[in-house]
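Enquirer: Can you look at this prediction? I've put the sequence above it.
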Amino acid sequence: MNHLVKTLMKEGPVNSFMGVWRASKVLTGSFVGADKFGNKYFENTDLMLGNSRNVRYARKDFDASQIPGEWHRWMTYMTDDTPNSWEPKKKWQIEHVENLSGTSDAYVTYSTTKDKVETWTPPQ
């Protein structure tokens, strides 16, 4: 009960409620950094490994694909180093884009070959 009161005092009722609403737990921890999309990353070393890192998404319609690759590496414990903005981009790297499946901007392939089956038209 004491932990709950401390969390409510530190995070505030709105942030605490949003954490429970989104992740079914109160998200606490110290601020580690933010990405260029506005997502904020936190770490709580008091929690067990696997639960100690979390993200607060900038948008309400959040999706895990909104996390850029450099922060994904940190979130999944591939590294303990947070991404540095001064790291130069390699010429083969492209800008991060979230998964657009199910939206009007989704990539749709098309065929340039002739159909193998043709539709039947009745004789007139």
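Expert: Perfect, I can see it now. Numbering: from 1, shown residues only.

Enquirer: rest of the way, CA atoms for contacts and neighbours
Expert: Noted.

Enquirer: What distance do you get for Y107 to S101?
Expert: According to C-alpha to C-alpha, to the nearest Å, Y107 and S101 sit 8 Å apart.

Enquirer: now do R56
Expert: Computed with C-alpha to C-alpha, the distance linking R56 and S101 is 22 Å.

Enquirer: More neighbours: the two, which one.
Expert: Neighbour tally, R56 and S101, criterion other C-alpha atoms under 10 Å: the higher count belongs to R56, 19 against 10.

Enquirer: Nearest residue to that one in space, please, no chain neighbours.
Expert: For R56, the nearest residue in space outside its immediate sequence neighbours is K40; the separation is 5.2 Å by C-alpha to C-alpha, 6 or more residues apart in numbering.

Enquirer: what sits against the one you found?
Expert: 31-34, 55-58 (C-alpha atoms under 8 Å, 6 or more residues apart in numbering).

Enquirer: strands paired with the strand or helix carrying V32, and their directions?
Expert: Of the helices and strands defined by DSSP states H and E, V32 is found in strand 30-34. Its sheet considered, strand 30-34 pairs with strand 40-43 (antiparallel) by DSSP bridges.
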